[in-house]
Structure formats: C-alpha cells, structure tokens
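Q: okay, here's the prediction I keep looking at, along with the sequence it came from:
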Amino acid sequence: MDGFSYKQGVLHAEGVDLESLAEKLGTPLFVYSTSTLAAHLKSMRDAFQTIDPLICFSVKSCSNLSILKLLVEQGAGLDVVSGGEIYRALLAGARPETIVFAGVGKSVQEITYALQAGIYQFNVESEGELARIDAIAAQYGCRARVSIRINPDVADRDTPQKTATGGRQTKFGIPVTRSARLYAPGLYGNVDVVGIHAHIGSPIHDSASYLACIDVIEKLLDEVEQAGATVETINIGGGFAAIYEASDCASMSLQEMGRIISQRLLGLKARGVRFVIEPGRSISANAGVLLTRVEYIKEGWDRQIVIVDAGMNILLRPTLYGAHHAMWPIRYGHFSGHWTHLSTSSKSDSHATLSPVDVVGPICETGDFFALSRPLPILSERDTLAIFSAGAYAMSMASQYNSKVRPAEVLVIGEEYRIVRHRERFEDLVAREMDAIG
Ligand code: LLP
C-alpha cells in the first residue's frame, strides 16, 4: 500500500529516486509520500464505511503542517493534545468543528484557546478538568462540548507497557465506574457532557481489545440513557497497528479490524450516536522514511558497529520502547520490490551476504541505537540507509539533544518533491537564548 519501493536496486518514494535526493539535500532526511498518506486515509474510511465516523488524524504522530494540510484537504479532522497542536491544526486549515482535544493536563491557557477557536469536543480526563472548562466557558460566555474519556480497564496484552492506556494502573481517563453521574443534565452550567471517549493504547493488533472496550462503553451508554441523559458521540480512539516488520503482516488487517469493529458499533448507531476515531500511525507510519548516512564503521570487541548520522534525538522509538524499525541501504544491488519483503527476499537473493551489526547514532548515550545485531548487507562508509516506518512518532518526537539540529522533511508527490520543513541551523539552536547573553 505504501509508496516506497526499490526500482533497479534504488529506493524510490513514488517516482523520486531517494539516492539522488539524499545527495542533493543531505542527511538525515525525512521523506514522506503524498499518495501513501492519502491511500491510508482512504483505507481507514473504507474500513469503517458502514459507521461513517469522523476520522480525526492524531497530530502527535506526525505534525508537519503540510502533511496536516494534505490530510485535512482529503477530509480528515484532527485529534490534538495541546495548545500547540491546536495552533498547527488551525494553520493547516482544519475546521474547528472537526478538532477533538485530549490530554490529562490541559492548562487554563490551552482550554481558553480551544474554546475561543470553537473546537468540536474536549475529551475530558478528570473532574477537575470538567470544573475548569466549565468555569472558563462561563467566563467567556460560551458552552463547551465534552466527551468523558473513560478508563475502561481494558489492557491489550500485546501493547507495550509504555503506550498502553486502557488499564486501571495508567493515568488516563476517569474510571468508568465513576463516569455515569457526570452525564446528569444540568450538572455543569456551561458544559454539555455529550460523548464517551476511550483510547486504550497503541499499537493494537486485533479487534478483541476494541470489542472489550466497546462492551464497557455500551454498559455506560445504557446507564446514562436510563438516567435520562443522552449521548451524541462515541469515540473509540486510535491505536490501529501499522506494519513495522514482515511478521506484522500476519496481524489482523485494517480492513478486517474495521469490519468487525463497525459491525459491533452499528448496533449503537441506531441509538442516534455519531462515531469518532483517532488514527495516527496507521496513516502516517509507513508514509515516511528516514534517510541516514553511514559516517563510520568500526570493529567492536565482538561485533561491527555502524555509526550513522541520525540519532535517538531524531528517532527515539528504538531507545524508548525497544521498537523495531526495518532498515536497508537505499542502493542495494539488483533488489527490486517492496521494503516489507526485504527480510524474506534478501535471504533468497543470491547477492545477499548479511552480517549482524549494531546500527547506532552519534549521541553520547549507550541507548542511542536503531538496531542491535541486525543482519544487514555489507555496508561501507558514506552508504545511505533507509529506516522505514518513520512517518509516525519520529520527527514529532525529535529533539535537539546534544545540540543537534533537527533534519529537513520532504513531501513527495509523483515525480516531484517539496521541502516541507527546512533543516535547522545552529542559529535555531540558540535563537531563544541570545537576548540573555547581551
Ligand atoms: N488518540 C489518543 C487519545 C492518543 O493518545 C493517541 C496516541 C492516538 C489517538 C493515536 O494513536 P496511534 O493511532 O497513532 O497509535 N510514541 C509512541 C506512541 C504514543 C501514542 C500516544 N497516543 C510510539 O512511538 O509508539
């Protein structure tokens, strides 16, 4: 489905040769594919077509303005978690009535900004937040539409602990058992509690945990309706898995997932609710690659260490979660095909001599690695590697740690490309500090 493939042994994004692009623009470099982003959004829409949800792309997964604009133009709403993300959403042209705002720690300033912008819904995570929104809405003479983010106590067994959010031990949401009374009409003067929201974590590889969560939502819905209140929206969050390695292809497909979840939700549609989903990585992860050049190759005590010019400051996922990202040289012999086939194809490829190496970055931390003991073709200094599935939670989590500038981002469309974020300069590193040194 995604637009990255090897043609005559060179990796291309759609029609753009990434070897030439890396040569021209330098590395590290993020490259995204327009057609892939659009295709993934469409697949999401197709998968859930029977319930026709508002699809709010999760901005935190990939927050580049041009990418947000592209998705908004294709009909996406946006899921935001901060004032900064609201700012991005509005700049990208999102209509306020398609923006939903989550997060456990919304500040007074952020709530005020969201109310003034007229966003669709707050996904509220505590009673304190409800009271705060109510007070601010009263102050500005407006009303706020709110979903209660419930904590359903549903823990997906395959989701990494650091990104699981549905269990009772996490900080997220209001325990579902404490939620029903918050829907009582008139409880708040300026807040309309009209929705149920849940996001149980990510990535989630099959429908079972969503179904378990929907059971909890339905029980709450029954309780709320029996008490005489109405629920207008049900938001089941995001978390739909992306393919990071060949073995992920065995996971339940998005089509199947969407069909099963929609079938379950269809029963609730009859009760007059509108659905919202908040996919991030399933749209953006495989729409982007990170190109990084080999700076040095050195012999360690017992293994070869490949040092590349990108580090954990640019792609933190392997360090933070032990996440797997496929990687491969952007020029590789006569290999032709799709990157998800690399590990299997290369074994049967007679040209392949693979040897296990550590691929590490230049940052002064032991945890600064992209892969340990990873079988890769023999590499040379100045080769360029593509790190795949880098469209989600990569640039959006990047920092300037070690005073490294953040890389440029490029959006490819067919045979053309556009720089959608310029590489930072040293001046950018110190811009907010200069006035203090006189
Ligand atoms: N909705 C809410 C309320 C969320 O908190 C998130 C992600 C999403 C939707 C989108 O989840 P997605 O569809 O992208 O899986 N940095 C981690 C992921 C953290 C997810 C945070 N919340 C990673 O790199 O895997």
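A: That came in fine, so what should we check first? Numbering: from 1, shown residues only.

Q: C-alpha from now on. contacts and neighbour counts both.
A: Fine.

Q: what residues are up against Ala164?
A: By CA atoms under 8 Å, 6 or more residues apart in numbering, Ala164 lies in contact with 155-156, 170, 200-202.

Q: ok, and which of those reach the ligand?
A: Taking CA under 6 Å from any ligand atom as the test, the ligand is in contact with Ser202 out of these.

Q: which members of the contacts of Ala164 are positioned in helices?
A: Secondary structure from DSSP state H places none of the contacts of Ala164 in helices.

Q: among the contacts of Ala164, which one lies nearest to Ser63?
A: For those, the minimum distance to Ser63 (CA to CA) is 17.7 Å, reached by Ser202.

Q: please tell me how far the closest one sits from Ala164.
A: Distance, Ser202 to Ala164, by CA to CA, to the nearest Å: 6 Å.

Q: I figured His422 hits Glu409, correct?
A: Yes - because the distance of 6.7 Å satisfies CA atoms under 8 Å, His422 is recorded as touching Glu409.

Q: buried residues, stretch 297-312. List them.
A: 297, 304-312 (16 or more other CA atoms under 10 Å).

Q: swap that for stretch 224-239, sorry
A: In stretch 224-239, counting by 16+ other CA under 10 Å, buried: 224-225, 229-231, 233-239.

Q: which two among these are spaced furthest apart?
A: Comparing all pairs in these by CA to CA, the longest separation belongs to Ala229 and Gly239, at 29.2 Å.

Q: whichever residue of the stretch 301-438 of the chain sits closest to the ligand: how many residues sit nearby?
A: Sorted by distance to the ligand under CA to the nearest ligand atom, the residues of the stretch 301-438 of the chain start with Tyr393, at 4.6 Å. Other residues lying near Tyr393 total 22 when counted by other CA atoms under 10 Å.

Q: please begin residue numbering at 21 from this point
A: From this message on, residue numbering opens at 21, which makes the last subject Tyr413.

Q: and it, how far is that from Gly300?
A: Tyr413 is 9 Å from Gly300, by CA to CA.

Q: overlap of the contact sets of the two?
A: Shared contacts of Tyr413 and Gly300 (CA under 8 Å, 6+ apart): 80-82.

Q: re the thing from before, His442 and Glu429 - which one has more neighbours?
A: Set His442 next to Glu429 and count neighbours by other CA under 10 Å: Glu429 wins out with 23 against 13.

Q: any idea how far whatever helix or strand that one lives in is from the chain center?
A: Element membership of Glu429, judged by DSSP states H and E, is strand 428-433. On the basis of CA atoms, centre = their mean, to the nearest Å, strand 428-433 sits 17 Å off its chain's mean C-alpha point.

Q: and the contacts of it?
A: Against strand 428-433 from outside (CA under 8 Å, 6+ apart): 33-36, 48-55, 87, 437-444.

Q: which among those end up buried?
A: 33-36, 48-55, 87, 437, 440-441, 443.

Q: contacting residues for the closest residue to Ile119 other than its chain neighbours?
A: Using CA to CA, 6 or more residues apart in numbering and skipping the chain neighbours, the partner closest in space to Ile119 is Leu98 (4.9 Å). By CA under 8 Å, 6+ apart, Leu98 lies in contact with 75-79, 92, 109, 114, 118-120, 298.

Q: if any of those residues are buried, put those into a ChimeraX selection.
A: For the buried members of the contacts of Leu98, the matching ChimeraX selection, counting by 16+ other CA under 10 Å, is:
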select :75,76,77,78,79,92,109,114,118,119,120,298
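
Q: what lies in contact with stretch 74-84?
A: Under the criterion CA under 8 Å, 6+ apart, residues 65, 88, 91, 96-101, 105, 108-109, 118-120, 258, 294-301, 303-305, 411-416, 440-441 lie in contact with stretch 74-84.

Q: can you do 6 Å?
A: Contacts of stretch 74-84 with the rest of the structure, by CA atoms under 6 Å, 6 or more residues apart in numbering, involve 96-100, 296-300, 412-413, 416.

Q: next: stretch 260-280.
A: So stretch 260-280 is contacted by 67-68, 223-227, 302, 345, 360 (CA under 6 Å, 6+ apart).

Q: cool, stretch 328-342 as well?
A: Under CA under 6 Å, 6+ apart, the answer for stretch 328-342 is 48, 312-315, 343, 381-383, 387-388, 390, 414, 418-419, 421.

Q: which bits of the stretch 271-420 of the chain sit near the ligand?
A: Of all the residues in the stretch 271-420 of the chain, those in contact range of the ligand (CA under 6 Å from any ligand atom) are 298-302, 337, 413.

Q: so can I have CSV of these showing secondary structure, pLDDT and distance to Ala155?
A: As requested, these are exported to CSV (DSSP: H, G, I helix; E, B strand; the rest coil; pLDDT from 0 to 100; distance: CA to CA, whole Å):
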residue, secondary structure, pLDDT, distance to Ala155
Glu298, coil, 98, 28
Pro299, coil, 98, 31
Gly300, coil, 98, 32
Arg301, helix, 97, 35
Ser302, helix, 97, 37
Arg337, helix, 98, 39
Tyr413, coil, 98, 34
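
Q: closest to Leu449 out of those?
A: The shortest approach to Leu449 among those belongs to Tyr413, at 21.4 Å (CA to CA).

Q: what segments of the stretch 21-170 of the chain are helices?
A: Using DSSP state H, counting those that start in this stretch, the helices found in the stretch 21-170 of the chain span residues 38-45, 54-67, 85-93, 103-111, 128-137, 147-160.
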